[in-house]
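In: heads up, no residue letters with this:
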Ligand code: HEM
Ligand SMILES: [Ca+2]
(Lines give C-alpha, C1' and ligand atoms only; values in the text may rest on other atoms or scores of the structure.)
(Ligands and ions follow the chains in the order given, each with its own letter.)
Protein backbone atom coordinates (compact mmCIF):
# COMPACT_ATOMS: atom_id res chain seq x y z
CA UNK A 1 0.00 0.00 0.00
CA UNK A 2 1.15 3.47 -0.76
CA UNK A 3 -0.73 6.74 -0.38
CA UNK A 4 1.14 8.28 -3.28
CA UNK A 5 -0.69 9.62 -6.32
CA UNK A 6 0.46 11.09 -9.64
CA UNK A 7 -2.03 13.96 -9.11
CA UNK A 8 -0.70 15.00 -5.71
CA UNK A 9 0.41 18.51 -6.77
CA UNK A 10 -2.35 19.17 -9.32
CA UNK A 11 -4.36 21.32 -6.92
CA UNK A 12 -1.72 22.80 -4.59
CA UNK A 13 0.79 23.67 -7.28
CA UNK A 14 -0.08 22.72 -10.87
CA UNK A 15 3.12 24.35 -12.14
CA UNK A 16 5.41 22.21 -9.98
CA UNK A 17 6.00 19.39 -12.47
CA UNK A 18 6.51 21.60 -15.56
CA UNK A 19 9.01 23.64 -13.52
CA UNK A 20 11.04 20.56 -12.56
CA UNK A 21 11.01 19.44 -16.19
CA UNK A 22 12.22 22.83 -17.40
CA UNK A 23 15.19 22.90 -15.02
CA UNK A 24 16.13 19.27 -15.77
CA UNK A 25 15.99 19.91 -19.52
CA UNK A 26 18.20 22.98 -19.18
CA UNK A 27 20.71 21.08 -17.03
CA UNK A 28 20.84 18.14 -19.46
CA UNK A 29 21.15 20.51 -22.40
CA UNK A 30 24.10 22.11 -20.64
CA UNK A 31 25.73 18.76 -19.87
CA UNK A 32 24.23 15.47 -21.12
CA UNK A 33 25.82 13.49 -18.30
CA UNK A 34 23.73 15.38 -15.75
CA UNK A 35 20.73 13.24 -16.78
CA UNK A 36 22.65 10.15 -15.70
CA UNK A 37 23.73 11.74 -12.46
CA UNK A 38 20.19 12.79 -11.54
CA UNK A 39 18.79 9.33 -12.27
CA UNK A 40 21.41 7.81 -9.98
CA UNK A 41 20.53 10.19 -7.12
CA UNK A 42 16.97 8.86 -6.91
CA UNK A 43 18.29 5.28 -6.80
CA UNK A 44 20.83 6.13 -4.08
CA UNK A 45 18.11 7.86 -2.07
CA UNK A 46 15.56 5.05 -2.31
CA UNK A 47 18.00 2.27 -1.35
CA UNK A 48 18.88 3.95 1.96
CA UNK A 49 15.88 4.11 4.29
CA UNK A 50 13.51 4.60 1.40
CA UNK A 51 12.82 7.52 -0.94
CA UNK A 52 12.95 10.30 1.65
CA UNK A 53 15.71 12.60 0.33
CA UNK A 54 18.00 11.41 3.15
CA UNK A 55 20.80 11.45 0.56
CA UNK A 56 20.53 15.22 0.15
CA UNK A 57 21.27 16.15 3.78
CA UNK A 58 24.70 17.65 4.39
CA UNK A 59 26.72 16.63 7.44
CA UNK A 60 25.99 18.34 10.75
CA UNK A 61 27.25 17.80 14.28
CA UNK A 62 24.76 14.95 14.60
CA UNK A 63 24.44 13.61 11.04
CA UNK A 64 27.28 12.03 9.04
CA UNK A 65 26.00 12.67 5.51
CA UNK A 66 25.19 9.82 3.14
CA UNK A 67 27.23 11.84 0.68
CA UNK A 68 30.32 10.56 2.53
CA UNK A 69 29.50 6.89 2.04
CA UNK A 70 31.70 4.66 -0.09
CA UNK A 71 29.36 4.66 -3.09
CA UNK A 72 28.62 8.39 -3.00
CA UNK A 73 31.85 10.08 -2.01
CA UNK A 74 33.54 11.81 -4.99
CA UNK A 75 30.95 10.08 -7.12
CA UNK A 76 27.34 11.18 -6.58
CA UNK A 77 26.73 14.44 -8.42
CA UNK A 78 23.91 16.76 -9.40
CA UNK A 79 23.17 18.21 -5.95
CA UNK A 80 23.40 21.78 -7.27
CA UNK A 81 20.76 21.00 -9.89
CA UNK A 82 18.44 19.67 -7.17
CA UNK A 83 19.02 22.90 -5.20
CA UNK A 84 18.12 24.95 -8.26
CA UNK A 85 14.97 22.90 -8.92
CA UNK A 86 13.92 23.32 -5.29
CA UNK A 87 14.46 27.09 -5.47
CA UNK A 88 12.46 27.46 -8.68
CA UNK A 89 9.65 25.17 -7.54
CA UNK A 90 9.24 26.91 -4.18
CA UNK A 91 9.19 30.25 -5.98
CA UNK A 92 6.49 29.20 -8.44
CA UNK A 93 4.41 27.46 -5.75
CA UNK A 94 4.78 30.44 -3.38
CA UNK A 95 5.87 28.25 -0.44
CA UNK A 96 7.63 24.93 0.12
CA UNK A 97 4.99 22.35 -0.80
CA UNK A 98 7.01 20.00 -2.99
CA UNK A 99 9.23 17.56 -1.10
CA UNK A 100 12.86 17.02 -2.00
CA UNK A 101 12.12 13.29 -2.24
CA UNK A 102 9.47 13.95 -4.93
CA UNK A 103 11.86 16.28 -6.74
CA UNK A 104 14.39 13.42 -6.96
CA UNK A 105 11.75 11.05 -8.34
CA UNK A 106 10.48 13.51 -10.96
CA UNK A 107 13.99 14.64 -11.95
CA UNK A 108 14.95 10.98 -12.52
CA UNK A 109 12.00 10.49 -14.87
CA UNK A 110 12.55 13.79 -16.68
CA UNK A 111 16.24 12.93 -17.14
CA UNK A 112 15.42 9.61 -18.77
CA UNK A 113 12.95 11.34 -21.08
CA UNK A 114 15.42 14.15 -21.91
CA UNK A 115 17.90 11.50 -23.05
CA UNK A 116 15.44 9.69 -25.30
CA UNK A 117 13.74 7.21 -22.98
CA UNK A 118 9.98 6.84 -22.75
CA UNK A 119 7.98 8.47 -20.00
CA UNK A 120 5.94 7.18 -17.06
CA UNK A 121 3.68 8.67 -14.40
CA UNK A 122 5.60 9.40 -11.22
CA UNK A 123 3.75 8.69 -7.98
CA UNK A 124 3.91 11.72 -5.67
CA UNK A 125 3.35 12.80 -2.10
CA UNK A 126 6.57 11.58 -0.47
CA UNK A 127 7.80 13.56 2.52
CA UNK A 128 11.38 14.28 3.55
CA UNK A 129 13.32 12.60 6.34
CA UNK A 130 14.71 14.41 9.35
CA UNK A 131 17.85 12.31 9.28
CA UNK A 132 20.34 10.54 7.06
CA UNK A 133 22.86 7.80 7.70
CA UNK A 134 26.24 7.21 6.15
CA UNK A 135 26.35 3.78 7.80
CA UNK A 136 22.99 2.83 6.29
CA UNK A 137 24.26 4.01 2.91
CA UNK A 138 27.39 1.87 3.25
CA UNK A 139 25.26 -1.12 4.23
CA UNK A 140 22.72 -0.81 1.46
CA UNK A 141 24.16 0.73 -1.71
CA UNK A 142 25.39 -2.15 -3.88
CA UNK A 143 29.10 -2.46 -4.64
CA UNK A 144 30.20 -2.89 -8.27
CA UNK A 145 32.20 -5.90 -7.05
CA UNK A 146 29.10 -7.90 -6.12
CA UNK A 147 28.42 -11.18 -7.88
CA UNK A 148 24.94 -12.19 -9.06
CA UNK A 149 23.76 -13.77 -5.79
CA UNK A 150 25.02 -10.66 -3.97
CA UNK A 151 23.09 -8.35 -6.29
CA UNK A 152 19.93 -10.44 -6.04
CA UNK A 153 20.16 -10.41 -2.24
CA UNK A 154 20.81 -6.64 -2.16
CA UNK A 155 17.72 -5.90 -4.26
CA UNK A 156 15.62 -8.44 -2.38
CA UNK A 157 16.23 -6.54 0.86
CA UNK A 158 14.52 -3.58 -0.82
CA UNK A 159 11.56 -5.70 -1.91
CA UNK A 160 12.83 -5.83 -5.49
CA UNK A 161 13.06 -9.03 -7.54
CA UNK A 162 15.41 -10.28 -10.25
CA UNK A 163 13.38 -8.63 -12.99
CA UNK A 164 13.67 -5.28 -11.17
CA UNK A 165 17.41 -5.87 -10.80
CA UNK A 166 17.93 -6.42 -14.51
CA UNK A 167 15.55 -3.69 -15.68
CA UNK A 168 16.93 -1.07 -13.26
CA UNK A 169 20.54 -1.98 -14.04
CA UNK A 170 19.56 -0.73 -17.49
CA UNK A 171 20.07 2.71 -15.92
CA UNK A 172 23.67 2.04 -16.88
CA UNK A 173 22.69 2.85 -20.45
CA UNK A 174 23.63 6.35 -19.23
CA UNK A 175 26.70 7.91 -17.70
CA UNK A 176 30.21 7.04 -16.69
CA UNK A 177 32.24 5.11 -14.15
CA UNK A 178 35.64 5.86 -12.67
CA UNK A 179 38.56 3.52 -13.23
CA UNK A 180 38.85 2.39 -9.60
CA UNK A 181 35.27 1.11 -9.73
CA UNK A 182 35.87 -1.21 -12.70
CA UNK A 183 39.62 -2.00 -12.53
CA UNK A 184 39.13 -5.36 -10.84
CA UNK A 185 36.75 -6.51 -13.55
CA UNK A 186 38.90 -5.53 -16.54
CA UNK A 187 42.12 -7.05 -15.11
CA UNK A 188 40.95 -10.07 -13.14
CA UNK A 189 37.74 -11.45 -14.60
CA UNK A 190 37.37 -14.01 -17.36
CA UNK A 191 33.80 -13.26 -18.43
CA UNK A 192 34.94 -10.23 -20.43
CA UNK A 193 35.62 -9.71 -24.14
CA UNK A 194 39.41 -9.68 -24.67
CA UNK A 195 39.48 -6.62 -26.90
CA UNK A 196 37.10 -4.73 -24.68
CA UNK A 197 39.31 -5.51 -21.69
CA UNK A 198 42.38 -4.36 -23.61
CA UNK A 199 40.76 -1.07 -24.66
CA UNK A 200 39.41 -0.42 -21.19
CA UNK A 201 42.87 -0.95 -19.70
CA UNK A 202 44.10 1.98 -21.77
CA UNK A 203 41.75 4.32 -19.89
CA UNK A 204 42.35 2.48 -16.65
CA UNK A 205 45.95 1.46 -15.97
CA UNK A 206 46.85 -1.08 -13.31
CA UNK A 207 48.08 1.69 -11.06
CA UNK A 208 47.14 5.37 -11.23
CA UNK A 209 44.35 7.01 -13.17
CA UNK A 210 41.83 6.07 -10.48
CA UNK A 211 39.38 8.77 -11.46
CA UNK A 212 39.65 8.34 -15.24
CA UNK A 213 36.20 7.98 -16.75
CA UNK A 214 34.84 5.34 -19.10
CA UNK A 215 31.24 5.24 -20.39
CA UNK A 216 29.04 2.56 -18.84
CA UNK A 217 27.63 2.04 -22.35
CA UNK A 218 29.13 3.29 -25.67
CA UNK A 219 25.90 5.24 -26.31
CA UNK A 220 26.01 6.73 -22.82
CA UNK A 221 24.04 9.84 -23.76
CA UNK A 222 20.99 8.06 -25.06
CA UNK A 223 18.58 5.86 -23.21
CA UNK A 224 18.64 2.74 -25.38
CA UNK A 225 19.24 -1.03 -25.16
CA UNK A 226 22.97 -0.95 -26.00
CA UNK A 227 23.77 -1.66 -22.33
CA UNK A 228 22.14 -5.08 -22.70
CA UNK A 229 23.51 -5.93 -26.16
CA UNK A 230 26.93 -5.14 -24.72
CA UNK A 231 26.42 -7.56 -21.84
CA UNK A 232 25.57 -10.28 -24.37
CA UNK A 233 28.93 -9.48 -26.02
CA UNK A 234 30.76 -9.61 -22.66
CA UNK A 235 31.39 -5.88 -22.79
CA UNK A 236 29.92 -4.90 -19.44
CA UNK A 237 32.14 -2.32 -17.72
CA UNK A 238 31.42 -3.21 -14.09
CA UNK A 239 31.68 -6.70 -12.63
CA UNK A 240 28.12 -6.17 -11.36
CA UNK A 241 26.95 -5.42 -14.92
CA UNK A 242 28.49 -8.51 -16.51
CA UNK A 243 27.25 -10.61 -13.58
CA UNK A 244 23.77 -10.26 -15.06
CA UNK A 245 24.79 -12.20 -18.17
CA UNK A 246 26.83 -15.39 -17.96
CA UNK A 247 28.08 -14.20 -14.62
CA UNK A 248 26.89 -17.03 -12.43
CA UNK A 249 23.73 -19.05 -11.97
CA UNK A 250 22.29 -17.85 -15.27
CA UNK A 251 18.91 -16.90 -13.81
CA UNK A 252 19.05 -13.41 -15.36
CA UNK A 253 20.59 -14.34 -18.73
CA UNK A 254 17.25 -14.74 -20.48
CA UNK A 255 16.03 -11.26 -19.47
CA UNK A 256 19.28 -9.54 -20.49
CA UNK A 257 18.96 -11.18 -23.91
CA UNK A 258 15.32 -10.22 -24.23
CA UNK A 259 15.99 -6.56 -23.39
CA UNK A 260 18.94 -6.49 -25.81
CA UNK A 261 16.61 -6.77 -28.77
CA UNK A 262 13.30 -5.56 -27.37
CA UNK A 263 13.43 -1.85 -26.58
CA UNK A 264 9.69 -1.79 -25.86
CA UNK A 265 9.94 -4.50 -23.21
CA UNK A 266 12.91 -2.77 -21.60
CA UNK A 267 11.21 0.66 -21.52
CA UNK A 268 8.03 -0.66 -20.04
CA UNK A 269 9.75 -2.88 -17.45
CA UNK A 270 12.16 -0.08 -16.55
CA UNK A 271 9.23 2.28 -15.94
CA UNK A 272 7.41 -0.30 -13.79
CA UNK A 273 10.50 -1.00 -11.72
CA UNK A 274 11.23 2.72 -11.29
CA UNK A 275 7.72 3.20 -9.87
CA UNK A 276 8.26 0.20 -7.59
CA UNK A 277 11.65 1.54 -6.44
CA UNK A 278 10.05 4.96 -5.92
CA UNK A 279 7.64 3.38 -3.42
CA UNK A 280 10.31 2.00 -1.10
CA UNK A 281 9.54 2.99 2.51
CA UNK A 282 8.08 6.37 1.63
CA UNK A 283 7.03 8.84 4.33
CA UNK A 284 3.49 10.17 3.80
CA UNK A 285 0.78 12.16 5.56
CA UNK A 286 2.12 13.71 8.74
CA UNK A 287 5.38 11.74 8.69
CA UNK A 288 8.61 13.63 8.08
CA UNK A 289 8.49 17.15 6.68
CA UNK A 290 8.71 19.23 3.52
CA UNK A 291 12.20 20.68 3.73
CA UNK A 292 12.71 24.29 2.69
CA UNK A 293 16.33 23.53 1.90
CA UNK A 294 17.02 20.02 0.61
CA UNK A 295 20.41 20.00 2.34
CA UNK A 296 19.04 20.74 5.82
CA UNK A 297 16.35 19.61 8.21
CA UNK A 298 13.88 22.45 8.95
CA UNK A 299 14.66 24.24 12.19
CA UNK A 300 11.04 25.08 12.98
C1 LIG B 1 22.69 -3.11 -9.63
C2 LIG B 1 23.52 -2.54 -8.78
C3 LIG B 1 24.30 -1.30 -9.14
C4 LIG B 1 25.62 -1.12 -8.93
C5 LIG B 1 26.58 -2.10 -8.29
C6 LIG B 1 25.95 0.18 -9.46
C7 LIG B 1 27.21 0.74 -9.42
C8 LIG B 1 27.57 1.90 -10.08
C9 LIG B 1 28.92 2.42 -10.14
C10 LIG B 1 30.14 1.80 -9.49
C11 LIG B 1 28.88 3.54 -10.90
C12 LIG B 1 30.05 4.45 -11.26
C13 LIG B 1 30.26 5.46 -10.16
C14 LIG B 1 31.59 6.17 -10.26
O15 LIG B 1 32.48 5.69 -10.96
O16 LIG B 1 31.77 7.22 -9.61
C17 LIG B 1 27.51 3.75 -11.30
C18 LIG B 1 27.07 4.79 -12.09
C19 LIG B 1 25.76 4.98 -12.44
N20 LIG B 1 24.68 4.25 -12.01
FE21 LIG B 1 24.76 2.50 -11.02
N22 LIG B 1 24.83 0.76 -9.98
C23 LIG B 1 23.78 -0.12 -9.80
C24 LIG B 1 22.47 0.11 -10.14
C25 LIG B 1 21.99 1.28 -10.69
C26 LIG B 1 20.58 1.61 -10.84
C27 LIG B 1 19.44 0.76 -10.33
C28 LIG B 1 20.53 2.82 -11.46
C29 LIG B 1 19.33 3.63 -11.86
C30 LIG B 1 18.17 3.12 -12.16
C31 LIG B 1 21.90 3.23 -11.71
C32 LIG B 1 22.26 4.37 -12.37
C33 LIG B 1 23.56 4.78 -12.58
C34 LIG B 1 23.92 5.87 -13.46
C35 LIG B 1 22.97 6.66 -14.34
C36 LIG B 1 25.32 6.02 -13.36
C37 LIG B 1 26.19 7.07 -14.05
C38 LIG B 1 26.23 8.32 -13.19
C39 LIG B 1 27.03 9.47 -13.74
O40 LIG B 1 27.61 9.39 -14.82
O41 LIG B 1 27.09 10.49 -13.02
N42 LIG B 1 22.74 2.29 -11.19
N43 LIG B 1 26.73 2.74 -10.78
CA1 LIG C 1 16.75 7.66 1.53
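Out: That came through, no problem. Here the structure is a predicted model, which means the values were calculated and not measured. Numbers count the residues shown, from 1 in each chain. Ligands and ions are numbered 1, 2, ... in the order given.

In: per-residue pLDDT, residue 250?
Out: The model reports residue 250 with a pLDDT of 86.

In: ok, it to residue 161 distance?
Out: Residue 250 sits at a distance of 16 Å from residue 161 (criterion: CB to CB, to the nearest Å). Bear in mind the C-beta positions are built from the backbone N, C-alpha and C, glycine included.

In: which one of the two is surrounded by more residues?
Out: residue 161 (13 against 10; other CB atoms under 10 Å).

In: my guess is residue 158 meets residue 277, correct?
Out: Yes: with contacts counted by CB atoms under 8 Å, residue 158 reaches residue 277, the gap being 7.4 Å.

In: where do the contact lists of the two overlap?
Out: Taking CB atoms under 8 Å, 6 or more residues apart in numbering as the contact criterion, the common neighbours of residue 158 and residue 277 are residue 46.

In: which of those two has more neighbours?
Out: residue 277 (24 against 18).

In: the more buried one: which element?
Out: Assigned by DSSP states H and E, residue 277 falls within helix 263-278.

In: can you give me the helices for the stretch 51-200 of the chain?
Out: Ranges of helices within the stretch 51-200 of the chain are 79-93, 100-114, 134-140, 148-156, 162-169, 179-188, 194-203, based on DSSP state H, counting those that start in this stretch.

In: which of the ones you listed sits closest to residue 297?
Out: Proximity to residue 297, assessed across the helices of the stretch 51-200 of the chain by CB to CB, is greatest for helix 100-114 (10.9 Å).

In: next, the angle from the closest one to helix 79-93.
Out: Interaxial angle of helix 100-114 relative to helix 79-93 (axes from the mean of the first three to the mean of the last three CA atoms, to 10 degrees): 110 degrees.

In: any idea how the protein splits into domains?
Out: Here the domain assignment for the chain is 16-141, 148-273, based on automatic domain parsing.

In: does any bit of the last one sit next to ligand 1?
Out: Spelled out, it's domain 148-273. Yes: contact between domain 148-273 and ligand 1, assessed by CB under 6 Å from any ligand atom, occurs at 151, 168-169, 171-172, 174-178, 181, 216, 238, 240.

In: show the end-to-end separation of that domain, please.
Out: End-to-end distance of domain 148-273: 18 Å, with CA to CA, to the nearest Å as the criterion.

In: repeat that for the first one.
Out: Length of domain 16-141, first residue to last, CA to CA: 30 Å.

In: report the distance from that domain to the chain centre.
Out: For domain 16-141, the gap between its own C-alpha mean and the chain's C-alpha mean amounts to 9 Å (CA atoms, centre = their mean, to the nearest Å).

In: that domain near ligand 1 anywhere?
Out: Yes: using CB under 6 Å from any ligand atom, domain 16-141 reaches ligand 1 at 33, 36, 37, 39, 40, 43, 75, 77.

In: that older thread, now the helix holding residue 277: mean pLDDT?
Out: Over the span of helix 263-278, the pLDDT mean works out to 98.

In: check what pLDDT the most centrally placed residue in the chain gets.
Out: Of all residues in the chain, the one closest to the mean position by CA atoms, centre = their mean is residue 40, 2.3 Å from it. For residue 40, the model assigns a pLDDT of 99.

In: tell me which element it is part of?
Out: When elements are defined using DSSP H and E, residue 40 is found to belong to helix 33-46.

In: quick one: list the elements packing against that helix.
Out: Here helix 33-46 is seen to pack against helix 16-30, helix 79-93, helix 100-114, helix 263-278 when contacts are counted using 3 or more CB pairs under 8 Å, 6 or more residues apart in numbering; DSSP states H and E.
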